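Novice: I'd like to go over a predicted model; first the sequence, then the structure.
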Amino acid sequence: MDRITVRIPQLTVEEQLLALARGGAHVAIATAGLHRRPEGVVFIYRDLPPHTRDLAQAGSRIAAQGLCPLVLGLSAQPPTARLVSSWLQELGAAGAQTAAALTFVESERELSVWGAARVEGQLCPIGELCLPGPGMLTIPVHPRPPKGADAEEPLAGAPSGAPESEQGQASTNGRWSRLAAAIGDADVPRGYELLARLAQLHVVLVGCGREGELVSWRLGENGVGALGSLTLVDGDVVQEANLGVLLPPQTVNSHKAEAVAALVKVLAPWCQLTPLVATLSDREVLDLIMHSDVAITCVDNPAARLGVAVLCARHGVVHLDATGGTAYTADGQVAVGGEVRVALPGSPGCVGCMERTDRRQALANLSLTPAAELLQRTSTNWLQQRPGSWLEVLLPVVGELVQELIRVVQGKRRRSIWLHYWHGAEEVPCWEDWTVQAQGVSPQCPVCSPWGVRGRGDL
Ligand SMILES: [Zn+2]
């Protein structure tokens, strides 16, 4: 087996380690979903069932649900290979041929992670632990050696113009110095570290309309895509009505994803952009989202938004969503404003429950063929759907969306949130936290609750 990754939300890791330390227990057995990919296997943390110390009993119960056991331990010493393989063997004998074990080793100076997995009976080392959510960290798992010198200096070899420290030190006058100081809260080296983390992310952006165009540009300008990747997904072509943001008139009739990628490449040449002319029903797009760190939706189609939310919940991917401009209220009035939603793995709430999408209708729309979807979209009068698009209202929404991504990487955003932007009394613009209005905090959501598809991976 080439590469084994374990994906556990950062918030869950903190909670579990505290619970293990408090309870005096040293081992907990969680359930995990599985995602098989050509280059390896990803175990995705799903839930911690009622505590048991009986590995065999837990293993057979979890295997009977079609899921995999994930043993989580806390120890002062690295575990012996014999101990870990005996756990995995015991689970295998109980019927769980695929299982993983991770031990967090607490020393005075740091927390390190040790682990191994059994995949269809074969014992293999775990390569990395991916912690989506606050901080967006990926940690090498011992005894596999750390990634080498590159891991110490993540920006070495960055394309020219990328968030620097190319010389191995944080410049206070370079291209990125002001941004580094701002996001590092005046601590410039810390700011560069955060920029490096932003640069390493694999981000998929669905929807390259006016909003997606602005978001792509701002992501590029914040270093996203410099070392990781930024994939732009849209099946549409640019129409005259889409102009007025950044795209020049000669892009009319070209594919939106390609036109926006070409533009951002000029504005932020360090950004590794890949345009994908496709819709959410294409297998390639689904695969990309499952493999990404962050998925962003800038779409006016609730079905597409919900589809991405389901994939993100299943695979432990951070989901950011934004809409903005003008809309009709339930009683037909024109409302000005927008929404920014952040769904963090490990925290209740997803776009599905925050938006109260009609799931049955959304599923029906998602299963339309591209031709039927195009016909549906072009045969309806846009003015009946929404009262136009206003760039000046989109700008604060886009700014907030990109700030939210930065807050996640900074570790400051520690829960799923729905932010509502509106023009209040006397036309004073304001932002409000609408998370409490969403049903997302209830444990019933079929997407993000423990009873939903969360953390199931492909299983
Ligand atoms: Zn939900």
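Specialist: That came through, no problem.
Novice: where does this protein come near the ion, residue by residue?
Specialist: By CB under 5 Å from the ion, the residues of the chain that approach the ion are C350, G352, C353, G440, C445, V447, C448. Heads up, the C-betas are built off the backbone N, CA and C, glycines and all.
Novice: please repeat the previous calculation with a cut-off of 8 Å.
Specialist: The chain comes close to the ion at residues 309, 313, 343, 348-354, 439-440, 445-449, 452, as judged by CB under 8 Å from the ion.
Novice: which of those count as buried?
Specialist: 309, 313, 343, 348-354, 440, 445, 447-449, 452 (16 or more other CB atoms under 10 Å).
Novice: filter those residues down to just the ones in strands.
Specialist: A343 (DSSP state E).
Novice: in helices, which of the buried ones among the residues of the chain next to the ion appear?
Specialist: Counting by DSSP state H, the part of those found in helices is A309, A313, V351, G352, C353, M354.
Novice: of those residues, closest to the ion?
Specialist: C353 (3.3 Å; CB to the ion).
Novice: could I get the average pLDDT for stretch 448-455?
Specialist: Taken as a whole, stretch 448-455 carries a mean pLDDT of 89.
Novice: can you start the count at 382 instead of 1 from here on
Specialist: From this message on, residue numbering opens at 382, which makes the last subject stretch 829-836.
Novice: my read: A437 touches G473, true?
Specialist: No - the pair A437 / G473 is not scored as a contact, 10.0 Å apart, by CB atoms under 8 Å.
Novice: give the contact list for the closest residue to E602 other than its chain neighbours.
Specialist: Leaving aside its chain neighbours, E602 sits nearest to A649 (5.5 Å; criterion: CB to CB, 6 or more residues apart in numbering). A649 makes contact with W598, G601, E602, G606 under the criterion CB atoms under 8 Å, 6 or more residues apart in numbering.
Novice: ramachandran angles for the residue in the stretch 582-731 of the chain positioned nearest to the ion?
Specialist: Residue nearest to the ion within the stretch 582-731 of the chain: C731 (3.4 Å; CB to the ion). In terms of degrees, to the nearest 10, the main-chain angles of C731 are phi -140, psi 170.
Novice: wait, a helix at G601?
Specialist: Yes - with DSSP: H, G, I helix; E, B strand; the rest coil as the criterion, G601 is assigned to a helix.
Novice: show me what contacts it?
Specialist: The contact partners of G601, taken as CB under 8 Å, 6+ apart, are L611, V645, L648, A649, W651, C652, L654.
Novice: and those residues, which of them are in helices?
Specialist: Per DSSP H, the subset of the contacts of G601 in helices is V645, L648.
Novice: below-threshold pLDDT in the stretch 632-781 of the chain: ranges please.
Specialist: Scanning the stretch 632-781 of the chain with the threshold set as pLDDT under 70 gives 737-751, 754-755, 757-758.
Novice: how about 80 then?
Specialist: 708-711, 736-770 (pLDDT under 80).
Novice: can you pull out the helices in it?
Specialist: 637-648, 664-672, 683-696, 732-736, 740-747, 751-759, 763-766, 772-791 (DSSP state H, counting those that start in this stretch).
Novice: winner for burial among the ones you listed?
Specialist: Highest mean neighbour count of the helices of the stretch 632-781 of the chain: helix 732-736, a mean of 27 (counted as mean count of other CB atoms under 10 Å).
Novice: packing partners of that helix?
Specialist: If you count contacts as 3 or more CB pairs under 8 Å, 6 or more residues apart in numbering; DSSP states H and E, helix 732-736 packs onto helix 683-696, strand 715-724.
Novice: now the strands for the stretch 482-631 of the chain?
Specialist: 492-500, 503-506, 509-512, 518-521, 583-587, 610-614 (DSSP state E, counting those that start in this stretch).
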